[in-house]
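Undergrad: okay, structure incoming, though there's no sequence with it:
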């Protein structure tokens, strides 16, 4: 089975801090994704990556950046955390090719910015 | 553009009741369609998928049929259990980098 591991289940940070969320997958997937999940809004794509050192903006990239130095690891960075970035963050990965490949999700990181 | 609309919840049912969660989509090209389930405190798990028109995806008693003529992919189960209580997400995948578009989720509560 595909395993997507997010480094923290719960995280509390302060406004203005630089925050790193880490995600590792063990299936050699090319594609990796970061979403945030908020009540009533479903999942919104922040950034995705289709190869090492490649990244593409999703629907809500403002205030975030990403890093993909190795194929298995995709990091989400909050440059200067703000309270409106309090949310559940989900990482996913998938193999490339046709659109019928499912995305595989980690258990999520619930981030609180105080 | 691509988008997914699913019925708002919460949906509350008694055990052994019939379940339908509606999902409609707008897409360019020929997307694949998915249902995911999220149990409390967990990430999303793939429940079922369908990759072309008239395909039926099924898993754990849940079914959904890819209807191109009505652009729908409704989730059904004949007899729900308390353990089915979760949030269900409908999604489509386009052909560019396997990018997904999710509905807003429908919370299902099943009472004993």
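TA: That came through fine. It should be emphasised that the depicted structure is a prediction, and the values quoted were computed from it without experimental measurement.
Undergrad: what residues does chain A have near chain B?
TA: Contact residues, chain A versus chain B (Cβ under 8 Å from any Cβ of the partner chain): A:4, A:31, A:33, A:40-43, A:45, A:48, A:50, A:56, A:90, A:92, A:94-108. Placement of C-beta: from N, CA and C, glycine included.
Undergrad: residue B:83 falls within a strand, correct?
TA: No: with DSSP: H, G, I helix; E, B strand; the rest coil as the criterion, residue B:83 is located in helix rather than a strand.
Undergrad: which residues touch it?
TA: Neighbouring residues of residue B:83 by Cβ atoms under 8 Å, 6 or more residues apart in numbering or on different chains: residue B:110.
Undergrad: could you check how far it is from chain A?
TA: As judged by Cβ to the nearest Cβ, to the nearest Å, residue B:83 and chain A stand 19 Å apart.
Undergrad: coming back round to it: which of the residues of chain A next to chain B fall in strands?
TA: Among the residues of chain A next to chain B, DSSP state E puts A:4, A:31, A:33, A:42-43, A:45, A:48, A:56, A:90, A:92, A:94, A:104-105 in strands.
Undergrad: give the PyMOL command for selecting the buried subset of the residues you listed.
TA: Of those, the buried ones go into a single PyMOL selection, burial set by 16 or more other Cβ atoms under 10 Å in any protein chain shown:
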select buried, chain A and resi 4+31+33+42+43+45+48+90+92+94+104+105
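Undergrad: would you agree residue B:55 is in contact with residue B:64?
TA: No: the pair formed by residue B:55 and residue B:64 falls short of the contact definition of Cβ atoms under 8 Å, at 9.2 Å.
Undergrad: near chain A, which residues of chain B show up?
TA: Counting by Cβ under 8 Å from any Cβ, chain B sits next to chain A at B:30-32, B:34, B:36, B:41-46, B:49, B:51, B:89, B:93-95, B:97-100, B:102-105.
Undergrad: just the buried subset of those residues, written out for PyMOL, thanks.
TA: A single PyMOL command selects the buried members of these (16+ other Cβ under 10 Å):
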select buried, chain B and resi 31+32+34+36+43+44+46+49+51+89+93+94+95+97+98+99+100+102+103+104+105
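Undergrad: which of the residues of chain B next to chain A fall in helices?
TA: Counting by DSSP state H, the residues of chain B next to chain A place none of their members in helices.
Undergrad: pLDDT (mean, whole number) over stretch A:6-17?
TA: For stretch A:6-17, mean pLDDT rounds to 95.
Undergrad: pLDDT-wise, which helix or strand of chain B ranks last?
TA: strand B:100-102 (a mean of 91; mean pLDDT, DSSP states H and E).
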